[in-house]
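Novice: With the sequence up front, the predicted model follows.
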Amino acid sequence: MTIETAVATAPSKPPTIELWPAQRMRDGLLSDDPGLRLHALAMTVQPNAALDDCVSAIVSCLSASREDPAACQLGAAALGMVKRDSEKAAAVSCLATLATDTNAPAVRIFAAHGMAQLAQVPTSAWPSLAQMVFSEDSTMRQVALRAVAPVAVAGAAFFAQAAAQATPSKWTTEGLTALVKSAGTSEGDKARVEKFILRSLEGCSLVPAGIAGYAALAHLNPKGAAPAALAQMAAGDNDEAALGAIQALGQLGEAARDTIPVLVQALSKSDDPIREEAICRALLLLKFRASDVPLPRVVQRIESGTDRAVAAHALLVSVHAKSFAAVAPVVAKRYPGSGDALKRVLDELHNQLVGKRLVSDQPAPPTH
């Protein structure tokens, strides 16, 4: 069979998965057969599954499947999708048990993600989540922060304890961000957090304590000196510190817009694709304007930068595509020598700029 024939005879869409009725799912979830339990858990996360009718069975299933990380991940994913309010308390209570450090890291991440989706954190989960935002695992930190950020005030004591136990050498931006958010709107609590951070930072290294500390101070007072300090670090020669500072500024969002000129200058001077990508993503989060873009440098990098650098600068252009139609010829010129992934990016960018794609029409398959 030729490739053309294989493509022509391939199914046009994936086969439809037949949903299990609620009773069949409950029976599978409560089975003594681990394989059947796993299959039933997989069915609970299918679109339009009768998930809300199976919450108690999922909880029982996870109790019996605690030694199976795959089952626990599926179960956590399912519980995070519960829609019925009357079932959410049982769901988040079970997720709290999956977030403890006795579980595999991936399971803990799924559990935190589930709580973030449900927008609920039970009291029993605070010790685990406070530990997670200071984890060495960046994904775990970020997901845990999403779970706690909206309700961080309720976990204030746990974040304070975790920050004190971690010591500045183990501080993370996510951990201190959670600590700052736990202060809420109380000026007294904010002042206490600020004093704690400043006192703890004395004599500490720039990475990670300095970056995390300045990021926390910037969250406490976006109009203070901390955002400008982070911007200077972002433009500095220490690559590790620069990347941390860039990420911290991105997390501040529009509150850090005053740092855009420094970030743009740093972007214009950098030939490091990793740093360029980080700055471009931060500028996106800071809601940069078309007039902020260093167009001559962007054109130069699209012409001669690595694929990763080109993709990063293409992101900037695409946000304000109507203002940069003149860049289209440069994009078209770079297209032929690019890798497949970058070609897709450039094709879409060219279409945004001038309404025309770069992908040529594919020849029709030969007839036999």
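Specialist: The structure has been received and is ready for your questions.
Novice: residue ranges with poor pLDDT in this protein?
Specialist: Residues of the chain meeting the criterion pLDDT under 70: 1-15, 360-368.
Novice: which residue ranges form the helices in the stretch 51-200 of the chain?
Specialist: For the stretch 51-200 of the chain, the helices defined by DSSP state H, counting those that start in this stretch occupy 55-64, 69-79, 85-98, 105-118, 126-132, 138-148, 156-166, 173-182, 187-201.
Novice: tell me the angle the second one makes with helix 55-64.
Specialist: By that I understand helix 69-79. Using axes from the mean of the first three to the mean of the last three C-alpha atoms, to 10 degrees, the inter-axis angle of helix 69-79 relative to helix 55-64 is 160 degrees.
Novice: same check, this time on the longest one
Specialist: With the same axes, to 10 degrees as the basis, helix 187-201 and helix 55-64 are set at 20 degrees to each other.
Novice: one step back: of the helices of the stretch 51-200 of the chain, flag the one that's most buried.
Specialist: helix 173-182 (a mean of 26; mean count of other C-beta atoms under 10 Å). For the C-beta atoms, the positions are set from N, CA and C on the backbone; glycine is no exception.
Novice: tilt between that one and helix 156-166?
Specialist: Going by the same axes, to 10 degrees, helix 173-182 makes 150 degrees with helix 156-166.
Novice: Can you dump the C-alpha atoms of helix 173-182 in PDB for me?
Specialist: C-alpha atoms of helix 173-182 as PDB (Å, rounded to 0.1, in the frame of the first residue of the first chain):
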ATOM      1  CA  THR A 173       8.600  32.600  43.900                       C
ATOM      2  CA  GLU A 174       5.400  30.600  44.200                       C
ATOM      3  CA  GLY A 175       5.800  30.000  47.900                       C
ATOM      4  CA  LEU A 176       6.400  33.700  48.700                       C
ATOM      5  CA  THR A 177       3.600  34.700  46.400                       C
ATOM      6  CA  ALA A 178       1.200  32.400  48.300                       C
ATOM      7  CA  LEU A 179       2.500  34.000  51.600                       C
ATOM      8  CA  VAL A 180       1.900  37.500  50.200                       C
ATOM      9  CA  LYS A 181      -1.600  36.600  49.000                       C
ATOM     10  CA  SER A 182      -2.400  35.000  52.400                       C
END
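Novice: hmm, back to that, which one of the helices of the stretch 51-200 of the chain lies closest to residue 249?
Specialist: Across the helices of the stretch 51-200 of the chain, residue 249 has its closest neighbour in helix 173-182 (10.5 Å, C-beta to C-beta).
Novice: Give me the helices and strands touching the closest one, please.
Specialist: Contacts defined by 3 or more C-beta pairs under 8 Å, 6 or more residues apart in numbering; DSSP states H and E place helix 173-182 against helix 138-148, helix 156-166, helix 187-201, helix 211-220, helix 239-252.
Novice: Next, name the residue at the spatial heart of this structure.
Specialist: The centroid of the chain falls nearest to residue 142 when counting by C-alpha atoms, centre = their mean (6.4 Å).
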